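Enquirer: The following comprises the amino acid sequence and a computationally predicted model.
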Amino acid sequence: MSANLLAIFYLISGGLFILALRGLSSPETSRRGNLFGILGMIIAITVTFLSIGNFSIGFIYVLIFLLVGGSIGAFIAYKIPMTAMPELVAGFHSLVGLAAVFVAVSAFLNPQVFNLGSPGDIKLSSLIEMSIGAAIGAITFSGSIIAFLKLRGIMSGSPITFIGQHYINLLLGLSIIVLIFYLSKTQSDNIFWGIIAISFLLGFLLIIPIGGADMPVVISMLNSYSGWAAAGIGFTLENTALIITGALVGSSGAILSYIMCQGMNRSFFSVILGGFGATDENSKKDKNRKPVKSGNAEDAAFLMKNASSVIIVPGYGMAVAQAQHAVKEMADNLKKNGVKVSYAVHPVAGRMPGHMNVLLAEANVPYDEVFEQENINNDFASTDVAFVIGANDVTNPIAKTDPQSPIYGMPILDVEKSKSVLFVKRSLSPGYAGIDNELFYRDNTLMLFADAKKMTEEIVKNLD
Amino acid sequence: MEIDPFIFRLSIFILSIFVGYYVVWSVTPSLHTPLMSVTNAISSVIIVGAIIAGLSGDIKSIFDTSNIFGFLAIFLAAINIFGGFLVTQRMLQMYKKKKKNK
């Protein structure tokens, strides 16, 4: 196959990847989009095999690794529970990162195969491109591993900070740049390994200070990194499909990070610098100021059964308790009683972008009952009951009233405007931001202290 | 005067960032999780580099270090490709319009 024809096929698969993302603009077209993506991948892999045309013993090994990896991937995809999606995505990011490092290493050791020169005499531009690809790949790998461990709960979600942290990171970042410069002068193996080692360390240090609830930003950011790493390798290998894909994924992750930061009204840098939520000093001063009203499932069922409209506000707590199916059952029951039910999802609810939507979809909630913040916020005022399950900071009215508060200016769901608020929560403990939610003490708020799933199931029993 | 091929690749790269920017803004927020899993899958097209590395050389050199790194990269990228596309498909199946039979 001629090089030109090959390049055209790679361009086609790049185009198909664009269509795959384009399909996600609505649930109706999304499945077809995904098929475009699969087709693009098949084309890219097939033409690569054909272009090499070496179907000897090496081919068999390649197929074995491809099929073993593929089977593991397929197995994971079918087994993984929807609640574990954030850690799955973090884990997948780490694999892309490591694969980028391995390809870069391979190209560095054996540049002839890729027409990049010979060992010790690699083309300057290729050398720089492959070291950038390897460095970003390594950062993505170790950063994603930390994100995975935090999301999985193997590592504590609380930020790990120490003095001079950011200076060390800055120093490491600068030393990578300096080493790439020296690598281009000397072509030394050791410097190349050094760049990769420092990048692994940097990825690790970048993510440890970032706390659990900032994970939506971290995951999006690592998504973006994995794209830039792929693009770096794409430049090295002079492969259009990889360059297009890298740019798409890189900008996609960057946009998601931006949307997540907007949802929290925090700058990207303050999230990346981390340490948020490490102190809970300001939560203590307001303690025991007012009694809260607490109720049981019976009260909640009564209140909702007699309402004409209910808005359900899910949050991370619903995911932890795996309460989405119970919530759906409750909603069905209410609908049978003639109550209008809708769902309000805050952009940063959960641990990754769109987390709540996937869980609700899994529980068979029709997606046209689930609304984004801007489309439903005005409806709270005319709603009888807001049922808050596992969300906290995103409903805190202090974000609008107290400029001193760490969450001041964050766009919140106007839960407090509804006639009554049911708040399912394990205890009165403050949310992630470490601040008290004044909504707990309002007269029209009824606290339901229990595990989200158990409480919802109780309510369902009482509705019958 | 010849234009360096690098400039062509850079042009493709920059234009793709623009395409990505507009395409991703049009993604509905309720599909942000599938967006992440599918971008994961497509970025594993890096496997083409791994295949080239793995297939290089003859029988004697099939277990050279650079080939082995190629095989390992194929393994990792394959997990991602199959896992990423299939889990995306599984999620998107759940977004099917429900027939209202009540």
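Expert: Perfect, thanks for sending it.

Enquirer: for chain A, what spans make up the strands?
Expert: A:117-118, A:121-122, A:309-314, A:340-345, A:370-372, A:385-389, A:420-425, A:445-449 (DSSP state E).

Enquirer: Can you tell me which of these is most buried?
Expert: Neighbour counts (mean count of other CB atoms under 10 Å in any protein chain shown) averaged over each of those peak at strand A:385-389, with a mean of 28. Backbone N, C-alpha and C define where each C-beta goes, glycine included.

Enquirer: Check the offset of that one from the chain's centre.
Expert: Centroid displacement of strand A:385-389 relative to its chain, using CA atoms, centre = their mean, to the nearest Å, is 25 Å.

Enquirer: Which elements pack onto it?
Expert: Secondary-structure packing of strand A:385-389 (3 or more CB pairs under 8 Å, 6 or more residues apart in numbering or on different chains; DSSP states H and E): helix A:297-305, strand A:309-314, strand A:420-425.

Enquirer: Quick one: mean pLDDT over that strand.
Expert: The pLDDT scores in strand A:385-389 average 90.

Enquirer: Likewise for stretch A:402-415?
Expert: pLDDT averaged over stretch A:402-415 gives 81.

Enquirer: what's the span of it from first residue to last?
Expert: 17 Å (CA to CA, to the nearest Å).

Enquirer: Contacts for it, please.
Expert: With contacts defined as CB atoms under 8 Å, 6 or more residues apart in numbering or on different chains, stretch A:402-415 is touched by A:262-266, A:276, A:282, A:311, A:313, A:344, A:346-347, A:373, A:376-378, A:380-381, A:386, A:388, A:391, A:393-400, A:421, A:433-435, A:439.

Enquirer: Check which residues of that stretch are buried.
Expert: A:405, A:406, A:407, A:410, A:411, A:412, A:413, A:414, A:415 (16 or more other CB atoms under 10 Å in any protein chain shown).

Enquirer: swap in stretch A:79-96?
Expert: Using 16+ other CB under 10 Å as the test for burial, stretch A:79-96 gives A:80, A:82-83, A:85-96.

Enquirer: lowest confidence element among the helices and strands of the chain?
Expert: This is for chain A. Least confident helix or strand, chain A: helix A:281-284 with a mean of 43, by mean pLDDT, DSSP states H and E.

Enquirer: oops, I was thinking of chain B
Expert: helix B:47-55 (a mean of 89).

Enquirer: which secondary structure elements does whichever helix or strand comes after that helix contact?
Expert: Scanning forward in sequence from helix B:47-55 by DSSP states H and E, the next helix or strand is helix B:65-94. Packing partners of helix B:65-94 (3+ CB pairs under 8 Å, 6+ apart): helix A:27-52, helix A:57-79, helix A:85-109, helix A:355-362, helix B:32-43, helix B:47-55.

Enquirer: For residue A:256, find the nearest of those.
Expert: Ranking those by proximity to residue A:256 (CB to CB) places helix B:32-43 first, at 6.4 Å.

Enquirer: Check the spacing between residue A:256 and residue A:451 real quick.
Expert: 31 Å (CB to CB, to the nearest Å).

Enquirer: Then residue A:354?
Expert: 25 Å.

Enquirer: neighbour-wise, which of these two wins?
Expert: Neighbour count, other CB atoms under 10 Å in any protein chain shown: between residue A:354 and residue A:451, residue A:354 has more, with 26 against 16.

Enquirer: quick one, what contacts the more buried one?
Expert: Counted by CB under 8 Å, 6+ apart, residue A:354 has contacts B:29, B:30, B:31, B:32, B:33, B:34, B:35, B:36.

Enquirer: out of these, which are buried?
Expert: B:29, B:30, B:31, B:32, B:33, B:34, B:35, B:36.

Enquirer: possible to save the residues you listed as CSV with pLDDT?
Expert: Output for those, formatted as CSV (pLDDT from 0 to 100):
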residue, pLDDT
B:29, 88
B:30, 88
B:31, 92
B:32, 92
B:33, 92
B:34, 93
B:35, 94
B:36, 93
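
Enquirer: So which of the residues you listed reach chain A?
Expert: For chain A, the contacts drawn from the buried ones among the contacts of residue A:354 by CB under 8 Å from any CB of the partner chain are B:29, B:30, B:31, B:32, B:33, B:34, B:35, B:36.

Enquirer: circling back to that earlier point, nearest to residue A:201 among the helices and strands packed on helix B:65-94 would be which one?
Expert: Among those, helix A:85-109 comes nearest to residue A:201, with 13.5 Å by CB to CB.

Enquirer: Next, the angle from the closest one to helix B:47-55.
Expert: In terms of direction (axes from the mean of the first three to the mean of the last three CA atoms, to 10 degrees), helix A:85-109 departs from helix B:47-55 by 50 degrees.

Enquirer: Show me what helix A:85-109 is packed against.
Expert: Secondary elements touching helix A:85-109 (3+ CB pairs under 8 Å, 6+ apart): helix A:124-152, helix A:189-207, helix A:215-237, helix A:355-362, helix B:32-43, helix B:47-55, helix B:65-94.

Enquirer: Redo those as a markdown table? Include distance to residue A:10.
Expert: Below are the helices and strands packed on helix A:85-109 laid out as a markdown table (distance: least, CB to CB, whole Å):
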| stretch | distance to residue A:10 |
| --- | --- |
| helix A:124-152 | 17 |
| helix A:189-207 | 27 |
| helix A:215-237 | 10 |
| helix A:355-362 | 32 |
| helix B:32-43 | 13 |
| helix B:47-55 | 8 |
| helix B:65-94 | 16 |
